[in-house]
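1. Got a predicted structure plus its sequence, pasted below:
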Amino acid sequence: MPLRNARGEVTHFAAIERDITAQKAEVSVLRELATTDPLTGVLNRRGFSEHAQGRLAGALRDGQELSLAMIDIDFFKRINDTHGHEVGDQALIHLAGLLRTSFRESDVIGRLGGEEFAVLLPGATLDQSRVLMDRFRTRLATTPLRLHDGRWLGFTASIGVAELDPEKASLATLTKAADSALYAAKHSGRNRVYLAP
Ligand SMILES: Nc1nc2c(ncn2[C@@H]2O[C@H](COP(=O)(O)OP(=O)(O)OP(=O)(O)O)[C@@H](O)[C@H]2O)c(=O)[nH]1
């Protein structure tokens, strides 16, 4: 803002300066809280969807393959009913930890709700994803969770995988296809990976 003398000539400029570093940090913490699942630390549905939309747009732009896997714990209700809700929560944390150490930094991992998780695999074809997901399924099935009383709890998951079709490209379409494959995996006996046609 210009400051003038009695003759109306500009002699100085005044400015108000405010350090917004703290506000910026606060906004970023709030953003993180809004997009992260507090129990497992992976992205929540909203965070996953935001990241996935971005990666999907990138894949379409670059003509890159992209796959989506939906992962759902088998008989999770039974785990809760038999061992209690706290052990159920531990199982969710266990699964999220295995997901984090099984996939690349560039893959997007989220908990979509309840015992359902999703992994978005940019650059992966349906066939490559099948191999990766089957490896993960086996890793989960052979890595039991150690309970507080020293006992071990083994559990499995069913997985449905779909690949991005550039002709029908939307996250909703891809999710629906992976969900149908997951449904088929559940109904054919669980603890398996099914691919969307
Ligand atoms: N401990 C715990 N349980 C949860 C949470 N969210 C959802 N659940 C439970 O997850 C269970 C889901 O049960 P169902 O949808 O019947 O599925 P399921 O028993 O895994 O059976 P299938 O998927 O058919 O193998 C319910 O008992 C919910 O109460 C959570 O954050 N923590």
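-> Nice, thanks for sending it over.
2. Quick check, the residue in the protein closest to the ligand?
-> residue 88 (2.5 Å; Cβ to the nearest ligand atom). Glycine gets a C-beta too; all of them are placed from N, C-alpha and C.
3. That residue - how many residues pack around it?
-> Using other Cβ atoms under 10 Å, the number of residues around residue 88 comes to 18.
4. What of residue 102?
-> With other Cβ under 10 Å as criterion, residue 102 counts 16.
5. Just confirm it is within a helix.
-> No - according to DSSP: H, G, I helix; E, B strand; the rest coil, residue 102 belongs to no helix; its state is coil.
6. List the contacts of it.
-> 132, 135-136, 139 (Cβ atoms under 8 Å, 6 or more residues apart in numbering).
7. of those residues, buried ones?
-> Among the contacts of residue 102, those classed as buried by 16 or more other Cβ atoms under 10 Å are 132, 136.
8. In the contacts of residue 102, find the pair that's most separated.
-> Spanning the widest gap among these are 132 and 139, at 10.6 Å by Cβ to Cβ.
9. quick one: secondary structure of residue 55?
-> The three-state label given to residue 55 by three-state DSSP is helix.
10. so it makes contact with residue 123?
-> No - in this structure, residue 55 is not within contact of residue 123 by Cβ atoms under 8 Å, at 9.7 Å.
11. Next, show the common contact partners of these two.
-> residue 66.
12. These two: which is more packed in?
-> Neighbour totals were compared for residue 55 and residue 123, and residue 55 leads with 21 against 15 (other Cβ under 10 Å).
13. Against residue 42, how distant is that one?
-> Distance, residue 55 to residue 42, using Cβ to Cβ, to the nearest Å: 15 Å.
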